[in-house]
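**Q** give the three-dimensional model of this entry:
(one chain, ligands or ions: 2)
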Amino acid sequence: MKSFVSIEDIGILEAPEEVLSTMTKDGKRKWLYPIESKGSFYWKRLALGWGLIAFFVLLPIIRINGKPAILLDFINREFAIFGMTFFPTDTFLLMVFGIAALLSIVIFTALFGRVWCGWGCPQTVYLEFVYRPIERWIEGKEHVRKKRNEGPWTWDKIWRRSLRFAIYGVISLALANVFVSYFVGWERLLLWMTQPPAQHWGFFLMMAITTGLILYDFGYFREQMCTIACPYARFQSVLMDEDSLIVSYDPNRGEPRARRSKKKIKQELAGEIEAKGDCIDCFACVRTCPTGIDIRDGLQMECVACTQCIDACDSIMDKIEKTRGLIRYTSERELEHKKTRAVRPRTVVYGVLLVALVSMFAIAFTSRGSYDINVGRNVGEPFTVLQDGRITNRLRFRVRNLKNTPVSFEIQVIEPANTETRIIGVSPTPLAPFEMKRVEAFVIIPETAFIEDDVEGVFNLIFDDSTTKTVTFPLLGPSK
Ligand code: SF4
Ligand code: SF4
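**A** Ligands and ions are numbered 1, 2, ... in the order given. Model (predicted):
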């Protein structure tokens, strides 16, 4: 029976050099080969990760209130979000929505730290549960890959690398299609795919760039997205405090760390020799870390809270028959043997602000009404005097149906008295769900109406769902 906790048991590593985790001493990129740690957190993250991937693919496909669950159509300036449809005229609503979303991130981070990074961020989900498993499948385990990558270009290295990137390319193209469908919708995407590229060269260019960026990110850039590029990581230090949830090593329990045999650990437990800390300095937590850090050095910006070190350390604790949780979810206060507080000044202030914003949004959204109407004057002459002395103004009524049912409307002039409207086009004007139409009309006003310079025109827009909307617009005529 082996008495030492060997490399086969737990994979002891030499201590890494004290440089940036993803950089060699001479400043070159250091490739990381994080080892998979299949503990309880891994399986939960895997299930959630694949759930989120399915969610990401389905969101532009499933329809709510006749629209995709998410459609950010910048070309037609129409934004559908979970059954709510916004237009550029909804600037206030979109602004409140945006601020509320930002505040939600702030409050979530204050309470749960970087849980999003480790569990929900596409960078982590796709890298850990799609791209890296493919790499392991084609190129083998970490130590095999490292040896091959650092060696010369052999046929074995060439075909494995080529196959991996070919599969990466196909997956990246599929993801790019899903991503682009968030902006153009699936129907349009499928239509464009069946038409000649020259007809939609902008779309094909966008697709090629998106595919290239995804491939570059997951094939090469990888953890640097989190450690160098992501702004959220830079902000976390101001968003989090000593009560925020973190993944942390417990130095009270782990120190003084010492690499030692199982026999010695048993002697320590029996009180035969002086007890050391629970950390046996095996580096399993470092070898599994996707950002290459040593969590025992304390809270670091590079930590994405992925929990892989928890799983790795828990399996070591099982092997040396110690309680799990040397690395665990905790807070800085808890590590100081104080109680973690969920309710604290910053969470209360953020919470109150969030409730106020959500209420404001709900009130503004529900009172938005069913139609958005805007009246303007057509370009050209402000008015024309007819042979019989009457005055015409050419106006433009822009009407949007904000409902998901079709409707039609007609325009009637109420004031000034004896004024006529001549609609250019069809009247009543049909409007499909969420459709916007511009209706031009000549408004013919009796000369006697212009006692003063300007006259206020009052118009009723009568919809076939028994709604009547009244709008006013100044009518112009000759100066008196
Ligand atoms: S914290 Fe756990 S996994 Fe990390 S070196 Fe110590 S015993 Fe090993
Ligand atoms: S330190 Fe642990 S939780 Fe943080 S990134 Fe590394 S493995 Fe993930």
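**Q** only C-alpha atoms for contact and neighbour calcs from this point on.
**A** Noted.
**Q** give me the nearest residue to the residue of the stretch 301-450 of the chain at minimum distance from ligand 1, chain neighbours excluded.
**A** Evaluated by CA to the nearest ligand atom, the stretch 301-450 of the chain has Cys313 as its residue closest to ligand 1, separated by 3.8 Å. Of all residues not flanking Cys313 in the chain, Cys285 sits nearest, at 6.0 Å (CA to CA, 6 or more residues apart in numbering).
**Q** packing partners of the helix or strand containing that neighbour?
**A** Per DSSP states H and E: Cys285 is located in helix 284-288. Packing contacts for helix 284-288, counted by 3 or more CA pairs under 8 Å, 6 or more residues apart in numbering; DSSP states H and E, involve helix 308-319.
**Q** Ser248 and Arg333, how far apart?
**A** Noted for Ser248: a distance of 12 Å to Arg333, by CA to CA, to the nearest Å.
**Q** in terms of neighbours, single out the busier of those two.
**A** Set side by side, Ser248 and Arg333 give different neighbour counts by other CA atoms under 10 Å, the larger being at Ser248 (26 against 16).
**Q** surely the more buried one is in a helix?
**A** No: the assignment for Ser248, made by DSSP: H, G, I helix; E, B strand; the rest coil, is strand rather than a helix.
**Q** hmm, back to that, distance of the residue nearest to Cys313 relative to Gln308?
**A** Using CA to CA, one gets 7 Å for the distance from Cys285 to Gln308.
**Q** where does the stretch 101-250 of the chain get nearest to ligand 2, residue-wise?
**A** The minimum distance from the stretch 101-250 of the chain to ligand 2, using CA to the nearest ligand atom, falls at Val247 (5.5 Å).
**Q** show me what contacts that residue?
**A** For Val247, the set of contacting residues under the criterion of CA atoms under 8 Å, 6 or more residues apart in numbering consists of 305, 307, 310, 327-331.
**Q** and these as TSV, adding neighbour count, pLDDT and distance to ligand 2?
**A** Written out in TSV, the entries for the contacts of Val247 read as follows (neighbours: other CA atoms under 10 Å; pLDDT from 0 to 100; distance: CA to the nearest ligand atom, whole Å):
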residue	neighbour count	pLDDT	distance to ligand 2
Ala305	21	95	4
Thr307	28	97	4
Ile310	30	98	7
Ile327	25	97	8
Arg328	19	97	9
Tyr329	16	96	9
Thr330	19	95	12
Ser331	24	95	13
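**Q** ok so, going back, I figured the residue of the stretch 301-450 of the chain closest to ligand 1 hits Lys322, correct?
**A** No: the pair Cys313 and Lys322 fails to qualify as a contact (CA atoms under 8 Å) at a distance of 10.6 Å.
**Q** okay, the two: which has more neighbours?
**A** Taking neighbours as other CA under 10 Å, Cys313 and Lys322 compare with Cys313 leading, 28 against 15.
**Q** and that one, what does it touch?
**A** Cys313 makes contact with 284-285, 324-327 under the criterion CA under 8 Å, 6+ apart.
**Q** give the contact list for Arg188.
**A** Going by CA under 8 Å, 6+ apart, the list of residues near Arg188 is empty.
**Q** CA atoms only: put the helix or strand hosting it into CSV for me.
**A** Using DSSP H and E, the secondary-structure element containing Arg188 is helix 186-194. Backbone C-alpha positions of helix 186-194 (Å, rounded to 0.1, in the frame of the first residue of the first chain) are rendered in CSV as follows:
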residue,chain,number,x,y,z
TRP,A,186,-34.4,33.6,-38.7
GLU,A,187,-36.7,34.1,-41.7
ARG,A,188,-34.6,36.8,-43.3
LEU,A,189,-31.4,34.8,-42.5
LEU,A,190,-32.7,31.7,-44.3
LEU,A,191,-33.9,33.8,-47.2
TRP,A,192,-30.5,35.5,-47.6
MET,A,193,-28.8,32.2,-47.4
THR,A,194,-30.7,30.9,-50.4
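**Q** need the next SSE after it, C-terminal direction.
**A** Stepping forward along the backbone from helix 186-194, the first helix or strand reached (DSSP H and E) is helix 201-216.
**Q** give the buried residues for that next one.
**A** 203, 207, 210-211, 214-215 (16 or more other CA atoms under 10 Å).
**Q** what of stretch 277-293?
**A** By neighbour count, and taking 16+ other CA under 10 Å as the criterion, the buried residues in stretch 277-293 are 278-293.
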